[in-house]
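Visitor: Using only what follows, build the 3D model:
(2 chains)
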Amino acid sequence: QKEVEQNSGPLSVPEGAIASLNCTYSDRVSQSFFWYRQYSGKSPELIMSIYSNGDKEDGRFTAQLNKASQYVSLLIRDSQPSDSATYLCAVNRAGGTSYGKLTFGQGTILTVHP
Amino acid sequence: KAGVTQTPRYLIKTRGQQVTLSCSPISGHRSVSWYQQTPGQGLQFLFEYFSETQRNKGNFPGRFSGRQFSNSRSEMNVSTLELGDSALYLCASSLGDRDHGELFFGEGSRLTVL
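Guide: Down below sits the predicted model:
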């Protein structure tokens, strides 16, 4: 079992729709969870972080965390073609003592078509 | 404020050569982490430096090494290059303490080994 697993994708949604990206993790002691967006040929950009169970909203983005189910998701409302990118889920095992190590999923490619 | 700066952005080497990559973190960040990204393996953690000390290390051979200077700038070195070392090398910075482990990536150094 991979430590962090994401929808294999690719995921294609029409402009204006809600895109739902999912991620599961295997290590129960994981404490911090991140979503990165990576455009083709570019580096990962941090777009959301979540540390507690529940929802966290930032603009069109909502991150959801359920530690009991070891599940984290990212919802993108009113999807735009500019949201087309690879979305990476990353997990921090030990909070502030992770010493630079995040475990990343393989990423989900999202395409938003006009 | 300025983001993470990596140099060089692109480089081509031949098998057996060595390469040194440089990274300047965000001002005030004391932790620098290095990652390798390839299409097949995704993002893999190399090592992390904080206050000139390596605090964490991934599962890479000893040909991969790094160091950090007193101004938090970091370098990584790969000796005796192999074809499989062709990848995007990403540097990420963080506060390094009293944080949740979120990382901010530079634009990367794309290494091609011929």
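Visitor: In contact with the closest residue to chain A within chain B, which residues?
Guide: Closest to chain A within chain B is residue B:48: 2.8 Å, counting by Cβ to the nearest Cβ. C-beta coordinates here come from the backbone N, C-alpha and C atoms, glycine included. Shown in contact with residue B:48 (Cβ atoms under 8 Å, 6 or more residues apart in numbering or on different chains): A:99-101, B:31-34, B:54-57.
Visitor: What parts of chain B come near chain A?
Guide: Within reach of chain A by Cβ under 8 Å from any Cβ of the partner chain, chain B has these residues: B:31-33, B:42-43, B:45, B:47-50, B:55-56, B:58, B:88, B:90, B:92, B:94, B:96-108.
Visitor: dump the residue contacts of the spatially closest residue to residue A:114 that is not a sequence neighbour.
Guide: Sequence neighbours aside, residue A:15 is the residue nearest to residue A:114 in space, at 5.2 Å (criterion: Cβ to Cβ, 6 or more residues apart in numbering or on different chains). When contacts are counted by Cβ under 8 Å, 6+ apart, residue A:15 is found next to A:79-81, A:112-114.
Visitor: what are the phi and psi values for residue A:15?
Guide: Main-chain dihedrals, residue A:15, degrees, to the nearest 10: phi -60, psi 140.
Visitor: cool, and residue B:58?
Guide: Per degrees, to the nearest 10, the backbone of residue B:58 is at phi -90, psi -170.
Visitor: Let me know the pLDDT of it.
Guide: pLDDT for residue B:58: 93.
Visitor: Any of the residues of chain B next to chain A buried? List them.
Guide: B:31-33, B:42-43, B:45, B:47-50, B:55-56, B:58, B:88, B:90, B:92, B:94, B:96, B:99-108 (16 or more other Cβ atoms under 10 Å in any protein chain shown).
Visitor: Would you map the strands across the chain?
Guide: Picked chain A for this. Counting by DSSP state E, one finds strands in chain A at the ranges A:4-6, A:11-14, A:19-25, A:32-38, A:45-50, A:54-58, A:61-66, A:71-76, A:85-92, A:103-104, A:108-113.
Visitor: The intended chain is chain B.
Guide: B:5-7, B:10-13, B:19-24, B:31-38, B:42-50, B:53-57, B:64-68, B:74-78, B:87-94, B:104-105, B:109-113.
Visitor: Give the rounded mean pLDDT of the fifth one.
Guide: Model confidence over strand B:42-50, given as mean pLDDT, is 95.
Visitor: Only alpha carbons, please: show it as PDB.
Guide: C-alpha atoms of strand B:42-50 as PDB (Å, rounded to 0.1, in the frame of the first residue of the first chain):
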ATOM      1  CA  GLY B  42       7.100  11.500  -8.500                       C
ATOM      2  CA  LEU B  43       8.500  13.700  -5.700                       C
ATOM      3  CA  GLN B  44      11.100  12.000  -3.500                       C
ATOM      4  CA  PHE B  45      12.800  13.500  -0.500                       C
ATOM      5  CA  LEU B  46      16.500  13.800  -0.600                       C
ATOM      6  CA  PHE B  47      17.500  15.600   2.600                       C
ATOM      7  CA  GLU B  48      16.900  18.600   4.800                       C
ATOM      8  CA  TYR B  49      19.200  21.100   6.400                       C
ATOM      9  CA  PHE B  50      18.600  23.400   9.300                       C
END
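Visitor: so what strands line up beside that strand?
Guide: Partners of strand B:42-50 in the sheet, by DSSP bridges, are strand B:31-38 (antiparallel), strand B:53-57 (antiparallel).
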